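Participant: the following comprises the amino acid sequence and a computationally predicted model.
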Amino acid sequence: MAKKLFIETVGCQMNVLDSELVVGALRRQGYQLAMDAAEADVILFNTCSVREHAEEKIYSSLGRLRKHMEEHPEKVLGVLGCMAQKDQEIILKRAPYVDVVCGTGQLGRIAELIENARTTGRPQLALSLGRTDASRLEVERSFESYDPAREPSMRPTAFQAFVRIMFGCDKFCTYCVVPSTRGPEQSRPPEHILAEVQGLARQGAKEITLLGQTVNSYKFKNNDGRTTTLAGLLLLIHDTDGIERIKFVTNYPKDMTDELLQAVRDLPKICKYLHVPVQSGCDEVLKRMKRNYTVNYYREMLQRCREIVPGAAISSDFIVGFCGESEQAFQKSCDLISESKFKNSFIFKYSARPGTKADDLYPDDIDEETKKRRNNDLLALQNANSLLDHRAKIGQTVDVLVEGPSKAALKGKAVGPLQLTGRTMTDHIAVFDGNERLIGNSVRMVVEEATAFTLFCRVATEVTTGAREIAVPASQDTPWEEPRRTPLPLL
């Protein structure tokens, strides 16, 4: 009988990709996916350490499994990823029935660790080394030991895929655990990335998203002495047959070069969408965060993005309640989000993380109620901008890659025809009524209504004979239409 695997993933897109690769490796060992932990022979949690809430969610899940694991000692329970790398001993202390603790750089060994735990009955720990030359070699090996083998069933859809182009981070923001949990910044060889993209295209992928902690920092020195940047990588993979869209996240403001922006502008398959976190609108807070730029620098970077890539959608991240953030400092974030007209922003309450510089240097002196209020205030400003951005698109025709039934349809809340959802080339979410045969295709849509979060569309049609209407699919050489609003919208 086939062994069964259950895996739960918390955190960023990098974690989603890691889980896909882990499942692919275990599939080759004969495992089948289980929908419920109780049915599985191996139960894995792929974890995140960016915020305390994500960690406590994992501990709660582990706690609920205590009795189950005691009753089924033959099963293997594992904790993977960032939390495993950072808190291995704490995990075993709080949940001594955990069998495998595997850090981010060791995921290629997961099958071996599971088997060792099963045969020895002892906990298995596999963690990356420190930020040394040895750890660099270790992570380089981990790239190719499990990256090429993919598991389509774990992807967002069968035609969308993530591709890691770099690993780790060297920015050392004071609030962030990623440099210690993901290791040093390293870029994959461009030819390896191209081969992976080509393989995904053969599997039916139409949209790929290039991933990196600071993806626009990608830089690989080739054997001939040339250096490939992200702009060069985009050019290399752009003409891959079958690939219709290419995205990349997440960007670091100081590495947003004109060369990269020109590539986004000139290469038609590149989505006109940039995610560039700012984190705060106050220079003093940015300095304590060690973001290494000022608010004016960020403003000038936004202006370059708009000038070089007309109509680009730009999103951002903000942290509220960071150590020492006064009301005046918070108001500067409000001012920045109001003026910048981001298409949307991801807003987070600061969470002190053990092992970060901020936790060592600064007291977490903003109370939870204040953090919550600031979060809601900033979100209200962003939602107002998002509504204006979306309403400006009413009447426009957009290309939408149809991803599948909408959330309302999946929950049975949509009435009438099948409600589908997808995204535009500027990453706007579109909802519309349509036939399921449209799923996986790029389709021309007319925007009829909008909220702060969604464009409500209808399929663009042309009349042929009689009253029969046929949906007009989007063409790759259809010119991309600029939004009509000024200033140009940002995501």
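Facilitator: Yes, it's here.

Participant: tell me the spacing between Arg118 and Ala205.
Facilitator: Counting by C-beta to C-beta, to the nearest Å, the gap between Arg118 and Ala205 amounts to 34 Å. From N, CA and C alone the C-beta is placed, and that goes for glycine too.

Participant: neighbour count winner among these two?
Facilitator: Ala205 (26 against 16; other C-beta atoms under 10 Å).

Participant: so what's Leu387 closest to, chain neighbours aside?
Facilitator: Leaving aside its sequence neighbours, Leu387 sits nearest to Ala452 (C-beta to C-beta, 6 or more residues apart in numbering; 4.1 Å).

Participant: surely Asp433 and Gln419 touch.
Facilitator: Yes: counting by C-beta atoms under 8 Å, a contact exists between Asp433 and Gln419, whose distance comes to 5.9 Å.

Participant: these two: which has the busier surroundings?
Facilitator: Per other C-beta under 10 Å, whichever of Asp433 and Gln419 has more neighbours is Gln419, with 19 against 16.

Participant: so what pLDDT did the more buried one get?
Facilitator: Among the per-residue scores, Gln419 holds a pLDDT of 93.

Participant: also Met14?
Facilitator: Note on Met14: pLDDT of 88.

Participant: contacting residues around the residue nearest to Leu387?
Facilitator: Residues in contact with Ala452, defined by C-beta atoms under 8 Å, 6 or more residues apart in numbering, are Asn383, Ala384, Ser386, Leu387, His390.

Participant: what of Leu210?
Facilitator: In this structure, Leu210 makes contact with Val163, Arg164, Ile165, Ile193, Leu230, Leu233, Ile246, Lys247, Phe248, Val249, judged by C-beta under 8 Å, 6+ apart.

Participant: for this structure, give me the ranges with low pLDDT.
Facilitator: 129-150, 413-416, 462-491 (pLDDT under 70).

Participant: pull out the buried positions in stretch 151-160.
Facilitator: Of the residues in stretch 151-160, those with enough neighbours to count as buried (16 or more other C-beta atoms under 10 Å) are Glu151, Pro152, Met154, Arg155, Thr157, Phe159, Gln160.

Participant: my bad, stretch 383-393
Facilitator: Residues Asn385, Ser386, Asp389, His390, Ala392, Lys393 are the ones in stretch 383-393 that count as buried (16+ other C-beta under 10 Å).

Participant: if you look at the residues you listed, which of them are in strands?
Facilitator: Applying DSSP state E to those, no entry is found in strands.

Participant: dump these to JSON lines, plus distance to Pro189.
Facilitator: As requested, the buried residues of stretch 383-393 are exported to JSON lines (distance: C-beta to C-beta, whole Å):
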{"residue": "Asn385", "distance to Pro189": "40"}
{"residue": "Ser386", "distance to Pro189": "39"}
{"residue": "Asp389", "distance to Pro189": "38"}
{"residue": "His390", "distance to Pro189": "40"}
{"residue": "Ala392", "distance to Pro189": "42"}
{"residue": "Lys393", "distance to Pro189": "40"}
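
Participant: am I right that Pro405 is in contact with Pro417?
Facilitator: No: with the criterion set as C-beta under 8 Å, Pro405 and Pro417 do not qualify as a contacting pair; they are 11.3 Å apart.

Participant: more neighbours: these two, which one.
Facilitator: Taking other C-beta under 10 Å, Pro405 and Pro417 do not tie; Pro405 has more neighbours (16 against 11).

Participant: what's the closest non-adjacent residue to that one?
Facilitator: Leaving out its chain neighbours, the residue that sits closest to Pro405 by C-beta to C-beta, 6+ apart is Leu420, at 6.2 Å.

Participant: my guess is that neighbour contacts Phe432. True?
Facilitator: Yes: the criterion here is C-beta under 8 Å, and Leu420 meets it with Phe432 at 5.9 Å.

Participant: so which residues of the stretch 301-450 of the chain form strands?
Facilitator: Listed in chain order, the strands of the stretch 301-450 of the chain (DSSP state E, counting those that start in this stretch) span 313-320, 345-349, 397-405, 419-424, 429-433, 442-450.

Participant: nearest spatial neighbour of Phe330, chain-adjacent residues omitted?
Facilitator: Among residues not flanking Phe330 along the chain, Arg374 sits closest, at 5.3 Å (C-beta to C-beta, 6+ apart).
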